[in-house]
Structures are given as C-alpha cells and as structure tokens.
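Colleague: this is a predicted model, with the sequence first.
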Amino acid sequence: MSADELLGVWDVEEIEGEGALKVRRIPWLSFAQDGQWNGKAVNHLGGTWSMSGDRVTIKHGMSTMMGGSADEMRQERRFLDALRRSAFAERDAAGRLVLRDEDRVVLLVASRR
C-alpha cells in the first residue's frame with residue numbers, strides 16, 4: 001500500500017477483532033497529504049503519520065476531552081492504542097485498510113468512506 005492510497009477518510013469496522021460500536025456515528029479516521037491525521041470516536045482526535053513502503057507510523061497528538069459511556073471510552077482507548085501500535089498498512093481483498101502491529105497481527109480494519 002502506498003501513502004497515496006492511505007489518504008482520505010476511513011470508517012472503522014473492527015478494532016482488534018471486535019466490531020466497532022456506533023457512537024453517534026461509526027468511529028473514523030482521515031489521513032491528509034500533509035502528514036496529519038484526524039478522526040473521531042467519542043472525542044475528536046489527531047496527530048501525525050508517515051509511511052515508508054508498507055511501514056506506517058501514527059502518532060497521537062491531540063484530543064478533545066468529551067466523555068462517553070464506559071464502553072465508548074474503552075473503545076476510544078483501544079482505537080488510539082491500535083493506531084499507536086500500528087507498524088504496517090495494507091489493503092485486503094475487499095479494498096479495506098488493515099493496520100497491523102510489528103508481529104503482523106491485525107489491529108484495525110476500516111473501509112473507505
């Protein structure tokens with residue numbers, strides 16, 4: 001997967017094998033050409049990203065401070081943790097974004113909006 005293929009908005013379907021909870025809307029993330037990413041689970045989130053080959057680095061930089069249910073906040077923590085631990089980005093046969101850790105374990109699956 002190239003950096004250009006990563007650009008755009010992605011709706012999160014799974015985080016570490018669990019289906020994403022709908023929190024007013026499905027959690028999402030967006031990668032911009034300037035190396036910034038943003039998204040939303042409960043809070044608005046953002047940071048920086050870079051890619052070299054199929055290796056990806058995603059750093060969390062900002063978050064609003066809204067609250068949600070215990071399940072929603074757990075999902076948001078898992079979402080941020082999955083992004084932070086991401087080491088590889090690829091597309092599956094259906095064209096979905098798959099983020100994997102250093103051991104190539106699937107952390108997050110998302111479909112293009």
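Modeller: Done, it's in.
Colleague: can you list contacts of the lowest-mean-pLDDT helix or strand in the chain?
Modeller: The least trusted helix or strand in the chain, going by mean pLDDT, DSSP states H and E, turns out to be strand 18-19, with a mean of 78. Strand 18-19 is touched from outside by 13, 78, with contacts defined as C-beta atoms under 8 Å, 6 or more residues apart in numbering. C-beta here means a position set from N, CA and C on the backbone, and glycine is covered the same way.
Colleague: what does stretch 36-50 give?
Modeller: With contact meaning C-beta under 8 Å, 6+ apart, stretch 36-50 is reached by 6, 23, 25, 27-32, 35, 56-68, 72-73, 75-76, 79-80, 83.
Colleague: got the buried residues for stretch 61-68?
Modeller: Gly68 (16 or more other C-beta atoms under 10 Å).
Colleague: low-confidence regions, the protein specifically.
Modeller: Scanning the chain for pLDDT under 70 picks out 21-24.
Colleague: that one: strands as residue ranges?
Modeller: 8-15, 18-19, 28-31, 36-40, 44-52, 55-63, 88-91, 97-100, 106-112 (DSSP state E).
Colleague: closest one to Met1 among those strands?
Modeller: Proximity to Met1 (C-beta to C-beta) singles out strand 88-91 among the strands of the chain, at 5.0 Å.
Colleague: who touches that closest one?
Modeller: In contact with strand 88-91 (C-beta under 8 Å, 6+ apart) are residues 1, 5-6, 51, 54-56, 97-101, 104.
Colleague: can I have the buried ones of the residues you listed as a PyMOL selection?
Modeller: In PyMOL syntax, the buried subset of those is picked out as below (16+ other C-beta under 10 Å):
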select buried, resi 6+51+56+97+98+99+100+101
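Colleague: including distance to Lys40, could the contacts of strand 88-91 go into CSV?
Modeller: Listed next are the contacts of strand 88-91 as CSV, based on distance: C-beta to C-beta, whole Å:
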residue, distance to Lys40
Met1, 23
Glu5, 22
Leu6, 18
Met51, 22
Asp54, 26
Arg55, 26
Val56, 20
Leu97, 16
Val98, 20
Leu99, 17
Arg100, 23
Asp101, 23
Arg104, 27
